[in-house]
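> Make a model of this:
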Amino acid sequence: MNSSKTYQLNHIAQIVGGTLIGDDDFQIDRLSIDSRTLVLASKTLFFALVGERHNGHDYIQDLYDKGIRAFVVSENINQGLFGDCNFIVVTDTLNALQKLCAHHRKNFTYPVIAITGSNGKTIVKEWLYQVLNPHYRIVRSPKSYNSQVGVPISVWQMNLEDEFAIFEAGISKPCEMDKLETIIQATGGIFTHLGSAHLENFDDTKSLLDEKLKLFASCEWIVYCSDDIRVSDAIKERYAHQKVLLNWSRNTDSKLQIISEKLDKGKIELKAVYNGEEKTILLPFIDKASIENAINCWLTFLHLGLSDEHIYKGFCDLEAVAMRLEIKEGQNNCLLINDYYNSDLGSLSIALDLMNQQGKERKKTVILSDIFQSGFEPRDLYEQVSELLTLNEIDKIVGIGDNIASQAKNFQCESVFYSTTEIFLNTLDPNGFKNEIILIRGARDFRFERISSALQYKAHRTILEVNLTAMVHNLNYFRSLLQPNTKLMVMVKAFSYGSGSTEIANLLQYHHVDYLAVAIADEGVDLRTNGISTPIVVMNPELHSFETMIDYNLEPEIYCLSVLKSFESILKRSGLKNYPIHLKLDTGMFRMGFVDHELDELINYLKVNPYFHIRSVFSHLAGSDEEIHDDYTESQIAKFEDWSKQIRTAFAYEIDRHILNTSGIERFPNAQFEMVRLGIGLYGVSATKQNMLMNVSSLKTTISQIKWVEKDQTVGYSRKGKLNKKSRIGIIPIGYADGFNRKLSNGVGQVLVNGNLVSVVGNVCMDMCMIDLTDIEAEEGDSVIIFGDDYSLSRIAEKLDTIPYEILTTVSRRVKRIYFQE
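Next up is the predicted model:
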């Protein structure tokens, strides 16, 4: 992140209350908090943040090797190893980061809007930006940077050249908002919505709301909806005599009184009264959340004095917010990362970070438009872009726009430039891109979605969206349940529960899980050939695959002596010793594994055998997800502890133990041993605390055709779907070959269309099925949700009398996977 104000280290040390060891005059203008995100080393200050399961101090050597020479630390560092380095020593590195950015904020006097609420913060921020951008030079939070770390990093971007700032702020527990308020020091505030997110960390909803409202302490005005009486009363109680309160309502007298909402052809016309005058806007979105977000923006624009003409045009031109980085399959074995609608320098490193995470074995190409309103002269701006691309080992840049083309000489990698998107598309040969990961990133005016459409693989319209941000949230939730030294093995078998093995494994490797587990050797080979270096266990090794496992450094589960001896013979031929293996014990699942009377023979065999090294001993729990089986589970754990102890005491080296699966992690915390295994929980399914997890996978399709069918006619094969009235039938391109179970035929299954549950009519076909749209508004091309955030996987599993695992793993590979990061 960049600032127009350069700081000397001695000044920073004074600001944060730290002790400087090094050069007083060393200058910085960039901050870094994540060693994995490659930044420009020159003038960068790294804060070694310490979390529950990570420690920035562990990466100082790596960052030093990359050229960083200034660090803020809270632990003792062997300075002799870093002779030309500068260290600011503090007691709390996060507190130091927040102090520095709060001080930086005081340099600027232009308006600053702060946004908080349970939902809608990022959308409101981006819509404010879209409409205000023609009138002001604006600095805003990148993406959803609203946390204790994200807010200071956002505020650090403030420059003297800017004229307006918009920042969002979120909290997850008490006593957090005071710190964010001190950093932002907003002149105006917007409260979007009160929901239940993070309520588990507060005594009640009022406590959560009171914490959020602390953000507005320095504001001159606050925008909010007074239809939520909880929000209205709390704001008036706290701020009625201190602030200008700008409320809007559909029901009561308010500053902006909504008087009509008229839906027409996918748009909605809103009429309202403001200061006695009738106002009108037209929105291109019709869902409830978007309407409320837009009204918050509308009232803000009116208060800021924008003309009715500018407001109306701004809303008509409003575009969906690209809140996420999308990963899609491209043609010719390419992978596309869509980040169009973003072109600022500050968040370029975020996109490049995802590129590094997912593209280890591919050539790296960046398609980049002109960057507007950066605060830098073109030469300085594109020198920084070039440095960042070089640091991230980008092989080729395609620059689109007159400004970037004028700085062609700044780029060290292979480069080609076009003045417009149209010229690029007219000359585009998709076969010119092969085996590449391509970042497509551009300002809205360049409409880079057309480039993505030209390069992406054309599959049928049914897709499985995989939310990588939600997956990381779930990973961190389960990590929070573990003891500090407990290792984590994550299951990526069965195509990562249908979500896509390589993409998920790349994410998990990036977040430093200790082991990955696959079912068969071929799955492990696929991961290795795609750049995965994390240790991989093969849970169901086949005898013919042992040589392959050795070739790709895969570690087998060993469940019986005959398999052990077969593997030994191959190791002898290969001349390998101390090969890592994992011993499976059968404590009551009665599947594969050694039982108690086999342990002595197993131990004696391994003690005199130089070919094996036992990495872990493990077992499977049969019923850890159900309280009715708790006694049995406890007996399994007791057996495992006894049997594994016999094995561990027979060897002079450390051997890890693991028996807990997802539900075991949540329900039996005293049995973590040295490692646990995370499976379905990573994908958002929990036996006990579903509210703590986020949905990861959403299966979606679209309506291909709609037709009226008369009463008493039948729909579909075998004429099973007989209609008892004239009905409006929609055809959707998903069938049992895609993983939509045929047992969902004839009204058993339901799907979500425009927020409405509608039933399946007739039998599910191989490639499509029919749904009843008679009682709802829907058009051809509308989105259809099979399962997702608003219609859970578990509800379908209940209808089919099965488990969520089966639903996920049966989504066919012909269904295109789209990965995104918010």
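> switch to C-alpha atoms for all contacts and neighbour counts from now on
OK.
> where do the helices sit along the stretch 651-800 of the chain?
Here the stretch 651-800 of the chain has its helices, by DSSP state H, counting those that start in this stretch, at 662-667, 793-799.
> So for the longest one, mean pLDDT?
Per-region confidence: helix 793-799 scores 92 on mean pLDDT.
> same check, this time on the shortest one
Predicted confidence along helix 662-667 averages 96 (mean pLDDT).
> for stretch 176-195, same thing?
96.
> Export only the CA atoms of that stretch, formatted as PDB.
What follows is stretch 176-195, C-alpha atoms only, in PDB (Å, rounded to 0.1, in the frame of the first residue of the first chain):
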ATOM      1  CA  GLU A 176     -12.700  -3.800  18.900                       C
ATOM      2  CA  MET A 177     -14.600  -0.800  17.500                       C
ATOM      3  CA  ASP A 178     -12.900   1.800  19.700                       C
ATOM      4  CA  LYS A 179      -9.600   1.000  18.000                       C
ATOM      5  CA  LEU A 180     -11.100   1.300  14.500                       C
ATOM      6  CA  GLU A 181     -12.900   4.500  15.400                       C
ATOM      7  CA  THR A 182      -9.600   6.100  16.500                       C
ATOM      8  CA  ILE A 183      -8.000   5.100  13.200                       C
ATOM      9  CA  ILE A 184     -10.700   6.200  10.900                       C
ATOM     10  CA  GLN A 185     -11.900   9.400  12.700                       C
ATOM     11  CA  ALA A 186     -14.900   9.600  10.300                       C
ATOM     12  CA  THR A 187     -16.800  12.800   9.500                       C
ATOM     13  CA  GLY A 188     -19.900  10.900   8.400                       C
ATOM     14  CA  GLY A 189     -21.300   7.400   9.100                       C
ATOM     15  CA  ILE A 190     -23.600   4.900   7.500                       C
ATOM     16  CA  PHE A 191     -25.200   2.000   9.400                       C
ATOM     17  CA  THR A 192     -26.300  -0.600   6.800                       C
ATOM     18  CA  HIS A 193     -28.100  -3.500   8.600                       C
ATOM     19  CA  LEU A 194     -28.200  -5.300  11.900                       C
ATOM     20  CA  GLY A 195     -27.900  -9.100  11.700                       C
END
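> Could you pull out the buried residues of it?
For stretch 176-195, the neighbour count (16 or more other CA atoms under 10 Å) marks 176-194 as buried.
> Please flag which of these sit within strands.
Within the buried residues of stretch 176-195, residues falling in strands by DSSP state E are Gly188, Gly189, Ile190, Phe191.
> The third one touches Asn119, doesn't it?
No. Here Ile190 does not reach Asn119: they are 11.9 Å apart, not a contact under CA atoms under 8 Å.
> Domain parsing of the chain, as residue ranges.
Per the record, the chain has its domains at 7-98, 108-316, 325-458, 466-692, 697-821, by automatic domain parsing.
> If I average pLDDT within each of these, which one is lowest?
domain 325-458 (a mean of 87).
> ok, back up a step: in JSON lines, list the helices of the stretch 651-800 of the chain along with mean neighbour count and distance to Cys85.
As requested, these are exported to JSON lines (neighbours: other CA atoms under 10 Å; distance: least, CA to CA, whole Å):
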{"stretch": "helix 662-667", "mean neighbour count": "21", "distance to Cys85": "42"}
{"stretch": "helix 793-799", "mean neighbour count": "17", "distance to Cys85": "52"}
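> how about those in TSV, adding distance to Ile771?
Output for the helices of the stretch 651-800 of the chain, formatted as TSV (distance: least, CA to CA, whole Å):
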stretch	distance to Ile771
helix 662-667	35
helix 793-799	16
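> Among those helices, which comes closest to Tyr579?
The closest of the helices of the stretch 651-800 of the chain to Tyr579 is helix 662-667. By CA to CA, the value is 28.3 Å.
> any idea where the strands of the stretch 401-550 of the chain begin and end?
Counting by DSSP state E, counting those that start in this stretch, the stretch 401-550 of the chain has strands at residues 414-418, 436-441, 463-467, 487-491, 515-518, 536-538.
> need these in TSV with distance to Phe82 and mean neighbour count, can you?
Shown next, in TSV, are the strands of the stretch 401-550 of the chain (distance: least, CA to CA, whole Å; neighbours: other CA atoms under 10 Å):
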stretch	distance to Phe82	mean neighbour count
strand 414-418	35	16
strand 436-441	35	26
strand 463-467	40	24
strand 487-491	31	23
strand 515-518	32	24
strand 536-538	35	26
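> Out of those strands, which is closest to Thr701?
Among the strands of the stretch 401-550 of the chain, the nearest to Thr701 by CA to CA is strand 463-467 (6.3 Å).
> Tell me, how many residues neighbour the closest residue to Phe82 other than its chain neighbours?
Nearest residue to Phe82 in three dimensions, chain neighbours excluded: Tyr64, at 7.6 Å (CA to CA, 6 or more residues apart in numbering). Neighbours of Tyr64 under the rule other CA atoms under 10 Å: 17.
> Convert stretch 762-772 to CSV, retaining C-alpha atoms only.
Taking Å, rounded to 0.1, in the frame of the first residue of the first chain, the C-alpha atoms of stretch 762-772 are listed here in CSV:
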residue,chain,number,x,y,z
GLY,A,762,-42.2,-34.8,-13.4
ASN,A,763,-39.1,-37.1,-13.5
VAL,A,764,-35.6,-35.6,-13.5
CYS,A,765,-34.0,-36.3,-16.9
MET,A,766,-30.4,-37.1,-17.6
ASP,A,767,-29.5,-33.5,-18.6
MET,A,768,-32.4,-31.4,-17.5
CYS,A,769,-35.5,-31.2,-15.3
MET,A,770,-38.6,-29.1,-15.1
ILE,A,771,-39.8,-26.8,-12.3
ASP,A,772,-43.1,-25.1,-11.5
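> how about the strands of the stretch 401-550 of the chain in CSV, adding distance to Ser697?
Shown next, in CSV, are the strands of the stretch 401-550 of the chain (distance: least, CA to CA, whole Å):
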stretch, distance to Ser697
strand 414-418, 37
strand 436-441, 23
strand 463-467, 5
strand 487-491, 16
strand 515-518, 20
strand 536-538, 24
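> List the contacts of the residue nearest to Asn333 when sequence neighbours are not counted.
Excluding its sequence neighbours, the residue lying closest to Asn333 (CA to CA, 6+ apart) is Asn435, at 4.9 Å. Neighbouring residues of Asn435 by CA atoms under 8 Å, 6 or more residues apart in numbering: Asn332, Asn333, Cys334, Leu335, Arg362, Lys363.
> nearest to Glu777, of those?
The closest of the contacts of Asn435 to Glu777 turns out to be Leu335 (CA to CA; 36.2 Å).
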